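In: Sequence and predicted structure are below.
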Amino acid sequence: MNRTYGYISVAGRKQLAVVRIALRQQWAYKTDFLLRACLLLLLLYVLGQLYGAAYAGDYDRAIGGFTLRQVVWYLVFTEAITMAGPPVGARIEEEVKNGDIAVRLTRPLSYVGFHYGSYMGEGVLRFIVLLVAGGMVAWLTVGPPALGYGPIAYLPLALLGLTLSFLMTAAVGLCAFWVEETRGLEFVLQKLTFTAGGLLIPIDLMPEWLQRVCAWLPFQAALYLPARLGVRFDGQELLRACSLQLAWIAALSLLVAFIFRRGAGKLHVNGG
Amino acid sequence: MSGTARFLLASWKVNLASALEYRLSFFLLAGMMFVNNMIWLFFWYLFFGRFPVVSGWEMGDVMLLWAVSAGGFGWASVLFGNFPRIAAIVSSGQLDVYLSQPKPVLLNVLTSRMSVTGAGDFIFGIIVFLWVGELTPRGCLLFACALFVSGVLFIGVMVVAGSLAFWIGNAEGIAGQVFGSFIALTTYPTGIFRGAAKIILFTVVPAGFIGYMPIGLMRDFNPAFATAAFGAAAFFAAFGALLFRAGLARYASGNALAMRS
């Protein structure tokens, strides 16, 4: 029991060290992510104008259960999660292609775990900046978010959403063991997240048939569920969303572990 | 045929041959961009499914907007593929190689690359026009004019933004932001913008001229708008060329050895 606890504790400390390093590294590229935030400001401004025109500036009208204010804050929440994620798929692909993965595999740290720590370290910092920047635009455009449990519930759900995004991107990146060029697969993943994740339009506003399709996919758990609960809190829904996210995290973790094992088993790196 | 025209034709021929060297990759990349644009149209289909008319714009208008924006961007990227990369070329000292050749520097820089994804954008623009556009000689002529203005505006704006690198050094970040923002702004209906934002879109950041093209040029031809759009394209192209030329006088590099690739 003590040995198991000790093992978990050491692994956890290593993981936290990776998160800390990634955070510090990201802090060194402040300008880069501030520029990213500028693009988010513009996008949110444009989308705010679009939905403002669609609702004809009526703040009281609810369409598909969303008022104008809720839609704009929903977009802030989905965009912050989407834009926070570092390009982990491209990094894994690059490491597999140029053989750097051999160095990583010799370290006493899980390869996927290392990338997860690094992803979360960078991602969390970016997420906070993007959320603050996006929140300012939304606040100026449509006013503050509805006070309540929503914004509080959003934060942990967004972290689980980031974890899900990591797992999906890592699964695609690890395909580089077989196909080398994973850009096309990642592109498909991005576009699926864009539509089935409800990035720019809440799933409630989509046609019935598409809502049914989205319900069976993991993308909505990464973006739509955290953002919807952020603007329209419901205690029972929170429990359901959280369970769904955890179930998808478990399933995708197994998938990533399986792909990694199979891929690493057939890896050949020449030179050093 | 003048020397410059021969040079342009030779450049485009070499670029095409080079792109077709990896045929599968060419078709995959062009196809990916096509699919990307189709997914955006799917978003608009969902949006207009819920809000059928937004500031007088309907689904067909937005589809034409995408045809003009993607098509214009497409031909500009295929023929003058380096226009989004000027800042990177200047700040990394890669301009030396172009200066050593007896050809117009800006033209040489712009034509020395062909964007493969741009081909997908262009084909997408044409297909969408065939799908929802007015297929009469007049309609086709107006669409061709819209594509021309749109492409020239993309090139002009990016040459202006990229030339900033001559004065502020590493302008890649700013140029990248201008690029992303300009593209984003040209793909939303101009009708949704009001007040100062609208003025900016028709002056400093001329994305409004592209965004309003389906209405002002193709649906209800407005001579004043058409004149202003052509004027803006000519102005940004000329201003970009002059700024680049002025910047060349300040250019200095670290004697980097480079090859055109």
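Out: Perfect, thanks for sending it.
In: Which pLDDT value goes with residue 3?
Out: No chain specified, so I'll use chain A. Looking at A:Arg3, its pLDDT stands at 67.
In: Hmm, no, I was thinking of chain B.
Out: You'll see B:Gly3 listed with a pLDDT of 84.
In: how deep is it tucked in, by neighbour count?
Out: By the measure other C-beta atoms under 10 Å in any protein chain shown, the count of residues near B:Gly3 is 10. Using the backbone N, CA and C atoms, a C-beta is placed for each residue, glycine as well.
In: Spit out the contact partners of it.
Out: Under the criterion of C-beta atoms under 8 Å, 6 or more residues apart in numbering or on different chains, B:Gly3 has no neighbours.
In: and the gap between it and B:Arg245?
Out: Applying C-beta to C-beta, to the nearest Å, one obtains 19 Å for the distance of B:Gly3 from B:Arg245.
In: B:Phe47 reaches A:Ile201, doesn't it?
Out: Yes - A contact is recorded between B:Phe47 and A:Ile201 when judged using C-beta atoms under 8 Å, the distance being 6.0 Å.
In: which bits of chain A sit near chain B?
Out: Taking C-beta under 8 Å from any C-beta of the partner chain as the test, the list of chain A residues beside chain B reads A:31-32, A:35, A:38-39, A:42-43, A:45-46, A:49-50, A:52-54, A:63-64, A:184, A:187, A:191, A:194-195, A:200-201, A:205-207, A:210.
In: out of these, which are buried?
Out: Among the residues of chain A next to chain B, those classed as buried by neighbour count (16 or more other C-beta atoms under 10 Å in any protein chain shown) are A:35, A:38-39, A:43, A:45-46, A:49-50, A:52-54, A:63, A:187, A:191, A:194-195, A:200-201, A:205-206, A:210.
In: Of the residues you listed, which belong to strands?
Out: Among those, no member is found in strands (DSSP state E).
In: which parts of chain B sit against chain A?
Out: Taking C-beta under 8 Å from any C-beta as the contact definition, chain B meets chain A at B:28, B:32, B:35-36, B:39, B:42-43, B:46-47, B:49-51, B:54-55, B:173, B:176-177, B:180-181, B:184-185, B:188-189, B:191-194, B:197.
In: Provide a ChimeraX selection command restricted to the buried entries of these.
Out: If you want just the buried ones from the residues of chain B next to chain A in ChimeraX, going by 16+ other C-beta under 10 Å, the selection is:
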select /B:28,32,35,36,39,46,47,51,54,55,176,177,180,181,185,188,189,191,192,193,197
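In: Spatially central residue in chain A, please.
Out: Geometric centre of chain A, nearest residue: A:Leu162, 3.1 Å, by C-alpha atoms, centre = their mean.
In: List the contacts of that one.
Out: Contacts of A:Leu162 were listed using C-beta under 8 Å, 6+ apart, and they are A:Ile81, A:Ala84, A:Gly85, A:Tyr119, A:Met120, A:Gly123, A:Val124, A:Phe127, A:Ala222.
In: Let's see that with 6 Å instead.
Out: Contact partners of A:Leu162, counting by C-beta atoms under 6 Å, 6 or more residues apart in numbering or on different chains, are A:Gly123.
In: where does the stretch 101-250 of chain A have low pLDDT?
Out: Low-confidence segments of the stretch 101-250 of chain A, defined by pLDDT under 70: A:180.
In: Can you list the low-confidence ranges for chain B?
Out: In chain B (pLDDT under 70), the answer is B:1, B:254-261.
In: where exactly do the helices run in it?
Out: Assignment of helices within chain B using DSSP state H yields the ranges B:3-21, B:23-50, B:59-79, B:86-91, B:96-99, B:105-111, B:116-132, B:137-163, B:165-168, B:172-186, B:195-201, B:207-211, B:213, B:223-248.
In: Mind giving me the packing neighbours of the fourth one?
Out: This means helix B:86-91. In terms of contacts (3 or more C-beta pairs under 6 Å, 6 or more residues apart in numbering or on different chains; DSSP states H and E), helix B:86-91 is packed against helix B:165-168, helix B:172-186.
In: And the longest one, how far out from the chain middle?
Out: It stands for helix B:172-186. Relative to its parent chain, helix B:172-186 has a centroid offset of 11 Å by C-alpha atoms, centre = their mean, to the nearest Å.
In: One more: the shortest one?
Out: Put simply, helix B:165-168 sits 22 Å off its chain's centre (C-alpha atoms, centre = their mean).
In: Only the buried residues of stretch B:55-73, if you could.
Out: B:55, B:57, B:59, B:61-73.
In: quick one: which of the residues you listed is nearest chain A?
Out: Each of those was scored against chain A by C-beta to the nearest C-beta, and B:Ser55 proved nearest at 4.6 Å.
In: Would you confirm that the closest one contacts B:Ile192?
Out: Yes - between B:Ser55 and B:Ile192 there is a contact at 5.5 Å, judged by C-beta atoms under 6 Å.
In: shared neighbours of those two, anything?
Out: With contacts taken as C-beta under 6 Å, 6+ apart, B:Ser55 and B:Ile192 have A:Ala53 as neighbours in common.
In: helix or strand right after the helix or strand hosting A:Ala221?
Out: The secondary structure element spanning A:Ala221 is helix A:219-222 (assigned by DSSP states H and E). In the C-terminal direction, the helix or strand that comes right after helix A:219-222 (DSSP H and E) is helix A:224-231.
In: Nearest to chain A: which residue in the stretch 151-261 of chain B?
Out: Of all residues in the stretch 151-261 of chain B, B:Ile192 sits closest to chain A, with a separation of 4.2 Å (C-beta to the nearest C-beta).
In: Show the backbone phi and psi for A:Phe66.
Out: Dihedral angles of A:Phe66 (phi, psi; degrees, to the nearest 10) stand at phi -120, psi 130.
In: Next, count neighbours for it.
Out: Counted by other C-beta under 10 Å, the residues lying close to A:Phe66 total 22.
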